[in-house]
Structure formats: C-alpha cells, structure tokens
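**Q** curious how this folds, go ahead:
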Amino acid sequence: MRVALIHYWLINTRGGEKTLKAIGEVYPGADIYTHVVDPAVAARDFPGHKVSTTFIGRLPFAKTLYQKYLPLMPYALEQLDLRQYDLVISSESGPAKGVIVAPHTTHVCYCHSPMRYVWDLYPEYRQHVGALTRFAMIPLLHRLRMWDQLSAQRVDDYVANSQFVASRIAKYYRRNAAVIYPPVAIDQFSVSDVSEDFYLSVGQLVAYKKADLLVEAFNASGKPLIVIGEGALLSRLRTLAKPNVRLLGWQSSAVIRDHYRRCKAVVLPGAEDFGIVPVEAMACGKPVVAYGYGGAMETVIDGFSGVLFTEQTIGSLNEAIERLDSRAGQFDRAAIRRHAEAFSLERFKSQFAAHITRLMT
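**A** Numbering: from 1, shown residues only. Model (predicted):
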C-alpha cells in the first residue's frame with residue numbers, strides 16, 4: 001500500500017508534528033508532503049521518509065514568513081500529484097486536507113483543529129492585529145473560509161484529537177469524526193516527589209492561550225510563577241510581569257521536564273483543542289489548574305488530577321489556585337500518573353492503525 005502524509009508545515013516540533021511523527025512510525029515507508037520544511041526537523045523526526053514541499057517552499061523567505069503565504073496554500077495543495085497513493089492521511093490545523101486524490105485513494109484527515117483563525121477564534125485574531133492587516137483579513141479569510149468548508153468534503157474519513165474538536169468538525173464541516181487522542185511521550189516523564197514553591201506554565205505566548213490573564217492573575221496574588229514559552233506576547237508580558245513572575249522564553253525539553261518535576265502544579269489558562277502540556281505534567285504526578293472548557297475537560301479530572309475554573313477571569317483563576325493550595329498533599333501522584341498513561345504513544349499508534357485497518361478492509 002502506497003501511503004502519503006500531508007502536513008501544513010514542518011518548521012518546529014509541537015503537538016501536531018509529534019502526532020505526524022507517530023503516524024509516520026505506523027507507516028514508515030510513507031512519503032510526506034508539506035508547504036515548507038526545516039531540513040533539520042525532517043532529518044531528526046522523519047528519518048527514512050521522503051519529504052517534499054509545495055511551491056510555497058520555493059518562495060522568498062518561506063522558512064520564516066510561511067504564514068504570510070496562507071492565501072496561496074489552497075492553490076499549492078491542489079497542485080500536488082497524489083494519483084499513485086492508495087492512502088492519503090492529512091494532518092490538519094492549517095491548510096493540509098485540501099489535496100485532490102484519485103478515485104481509488106482513501107483520504108483520512110487527522111484533525112487537530114479546524115483552522116481557528118478562520119472559524120471560532122476569528123474575532124479574537126482580528127482584535128490583536130494592526131488596522132491594515134485587519135482590513136486585508138476580511139476578503140482573504142472570507143474566501144479561505146469557503147474553500148475550507150468545500151475542501152472538507154474531499155475527505156473520506158475524519159479522526160479528531162478530542163471530543164471538543166469532533167464537535168467543531170461537526171459544526172463547521174458538517175462531518176462526523178472518530179476520536180483518537182494524540183500521542184504523549186509518557187515514558188519520557190516520571191513521578192516526582194519534589195514540590196517546590198512555584199507554579200508553572202508551558203506553551204505559546206499568544207492571545208488565545210490567555211497568557212496575559214495568567215500573568216495578571218499571578219501579579220494580583222503574588223504567588224511565584226515560572227512561564228516557559230515564546231510567542232508574540234513575550235515582550236509585553238515581560239513588561240507586565242511583577243518580580244514573582246519569571247518568563248524564561250524558549251527552553252529545551254530537558255529543562256521543561258525538570259520544571260515539571262519540581263513545580264507545585266501546572267496552570268493552563270486557555271481553551272485547548274486537546275492539550276499535551278497537562279498530560280505531560282500529570283505523567284510527573286503533578287496536578288493541573290485548567291480552564292474548564294475544551295480539551296482539558298477530557299484530560300483533567302476536577303478534584304482528582306487537578307482543579308478546573310469556569311471563567312477566564314483573574315478572580316476565577318486565583319480562586320482555583322487557592323482551592324488547589326488548600327488540598328496540598330492530598331493529590332495521589334501515582335494515581336495521576338496512571339491516569340496520564342491512558343494517553344501514551346503506543347496507545348495512539350495501536351488505535352490509529354486499527355482504525356485505518358477497519359476503514360481499508
């Protein structure tokens with residue numbers, strides 16, 4: 001069986017790329033197509049796979065300005081010649097699923113999220129860009145929205161990374177989706193008995209993840225917070241943060257694991273499609289303070305593996321942190337770890353392979 005994997009871009013290693021890597025391990029002979037690639041990422045994470053790019057990868061400054069070429073990506077996908085493949089698997093949260101396949105080819109889309117900036121988070125993205133960009137977004141994203149829904153009908157079968165994403169696929173694409181939770185490298189983490197006096201946040205510092213709410217809440221409470229991550233808000237947050245809040249910027253996986261093991265708890269202030277960070281924290285036996293909406297509702301069990309808060313406000317977040325502090329020492333770290341093991345890499349590979357086998361027979 002000839003297999004092709006389609007991914008939006010291979011520039012860094014985040015949740016989508018980790019999932020693609022796991023799918024590549026299920027299909028080690030698969031060819032990979034993407035808009036733009038960092039050769040170092042391809043060599044490290046996808047050895048043995050032939051990686052090809054669309055014409056986007058040949059445009060000026062594609063490796064750094066690839067998101068600026070978003071309006072051209074639908075055209076680029078439709079130029080790919082995939083006639084020789086029996087199975088095409090697209091990995092979607094940016095433009096990836098819009099490829100055209102042969103009548104005999106089965107197209108499966110593993111959807112991390114319908115494009116947020118086109119659908120439910122469109123008002124928020126518009127709010128945080130300049131006036132010229134905001135004006136340009138109106139016609140460009142209007143057309144991209146129509147193409148996105150039209151191209152959704154080209155897919156034979158959807159797999160969502162959470163029930164939350166499955167509900168959004170049903171809303172925007174009017175399609176049903178099976179749910180297979182994405183892989184988390186549980187074996188890279190171990191239960192820690194250390195609990196130092198700081199909370200931890202790990203992730204991109206962008207508006208929809210509510211990094212500003214996080215810093216403002218800890219500014220108000222005075223509790224110690226360490227933030228690991230980079231993004232558009234980093235400079236502003238460094239100006240906003242009081243001395244009890246430390247922003248470390250980008251850090252290696254080893255440094256992140258060390259902070260997971262030493263922190264009191266991990267804080268997740270934004271709505272996640274699934275959310276790998278809370279599962280990694282729970283793999284270390286650490287509780288999670290999370291916004292009770294989206295993917296966190298499927299991973300964090302209130303009172304057992306963490307505490308949920310209901311409103312994205314300073315008061316609601318700090319009240320949840322106080323509740324967790326009042327229960328210090330009562331969380332069963334070994335039980336939290338066992339809960340996290342339900343999201344392992346091997347579980348994902350087994351479930352995904354079984355789903356494709358059922359589909360193809």
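
**Q** need the contact list for residue 51.
**A** 10, 31, 32, 33, 34, 37, 42 (C-beta atoms under 8 Å, 6 or more residues apart in numbering). Heads up, the C-betas are built off the backbone N, CA and C, glycines and all.

**Q** gap between the first one and residue 256?
**A** Computed as C-beta to C-beta, to the nearest Å, the residue 10 to residue 256 distance reads 21 Å.

**Q** which of the two has more neighbours?
**A** residue 10 (25 against 20; other C-beta atoms under 10 Å).

**Q** about what we covered before: mind checking which of the contacts of residue 51 land in helices?
**A** Using DSSP state H, residue 42 are the members of these that sit in helices.

**Q** pLDDT and distance to residue 188 added to the contacts of residue 51, as TSV?
**A** Formatted as TSV, the contacts of residue 51 follow (pLDDT from 0 to 100; distance: C-beta to C-beta, whole Å):
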residue	pLDDT	distance to residue 188
10	96	21
31	98	28
32	98	24
33	98	29
34	97	25
37	96	25
42	95	21
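
**Q** which of the contacts of residue 51 fall within strands?
**A** Applying DSSP state E to the contacts of residue 51, the entries found in strands are 31, 32, 33, 34.

**Q** relative to residue 176, how far out is the third one?
**A** In other words, residue 33. 26 Å.

**Q** wait, residue 11 sits on residue 42?
**A** No - if you go by C-beta atoms under 8 Å, residue 11 and residue 42 don't touch, sitting 10.3 Å apart.

**Q** how does the protein divide into domains?
**A** Domains of the chain are assigned by automatic domain parsing as 3-183+344-360, 186-342.

**Q** what mean pLDDT does the shortest one get?
**A** For domain 186-342, mean pLDDT is 95.

**Q** roughly how far is it from the heart of the chain?
**A** 16 Å (C-alpha atoms, centre = their mean, to the nearest Å).

**Q** please apply the same query to the first one.
**A** The chain centroid and the centroid of domain 3-183+344-360 are separated by 12 Å under C-alpha atoms, centre = their mean.

**Q** and it, how far apart are its ends?
**A** End-to-end distance of domain 3-183+344-360: 12 Å, with C-alpha to C-alpha, to the nearest Å as the criterion.

**Q** how about the helices in the protein?
**A** So, for the chain - with DSSP H - the helices run 15-26, 39-45, 62-65, 73-78, 122-127, 131-152, 163-173, 211-221, 234-240, 253-262, 276-283, 314-326, 333-340, 345-360.

**Q** how about residues contacting the last one?
**A** What that stands for is helix 345-360. 1, 19, 22-23, 25-26, 87, 89, 106, 108, 110, 156-157, 159, 178, 180-187.

**Q** enumerate the positions of it that are buried.
**A** 345, 347, 348, 349, 351, 352, 355, 356 (16 or more other C-beta atoms under 10 Å).

**Q** export those as TSV, with columns for distance to residue 264 and pLDDT.
**A** As requested, those are exported to TSV (distance: C-beta to C-beta, whole Å; pLDDT from 0 to 100):
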residue	distance to residue 264	pLDDT
345	27	96
347	28	97
348	29	97
349	33	97
351	33	98
352	35	98
355	38	98
356	41	98
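
**Q** which residues sit in contact with residue 66?
**A** Contacts of residue 66 by C-beta under 8 Å, 6+ apart are 9, 11, 35, 36, 56.

**Q** nearest to residue 285 among the residues you listed?
**A** residue 11 (32.6 Å; C-beta to C-beta).

**Q** burial of the residue lying closest to the closest one once chain neighbours are set aside, as a residue count?
**A** Leaving aside its sequence neighbours, residue 11 sits nearest to residue 38 (C-beta to C-beta, 6 or more residues apart in numbering; 5.1 Å). Residues near residue 38, counting by other C-beta under 10 Å, number 15.

**Q** what does residue 93 give?
**A** 20.

**Q** measure it to residue 214 for me?
**A** As for residue 93, its distance to residue 214 is 22 Å (criterion: C-beta to C-beta).

**Q** same question for residue 353.
**A** 38 Å.

**Q** do residue 156 as well
**A** For residue 156, the distance to residue 214 (C-beta to C-beta) stands at 40 Å.

**Q** those two: which is more packed in?
**A** Comparing residue 156 with residue 214 by neighbour count (other C-beta under 10 Å), the higher total belongs to residue 214, at 25 against 13.

**Q** just give me the neighbour total for the closest residue to the more buried one other than its chain neighbours.
**A** If the residues on either side of it in the chain are set aside, residue 214 comes closest to residue 269, at 4.5 Å by C-beta to C-beta, 6+ apart. When neighbours are counted by other C-beta under 10 Å, residue 269 registers 22.
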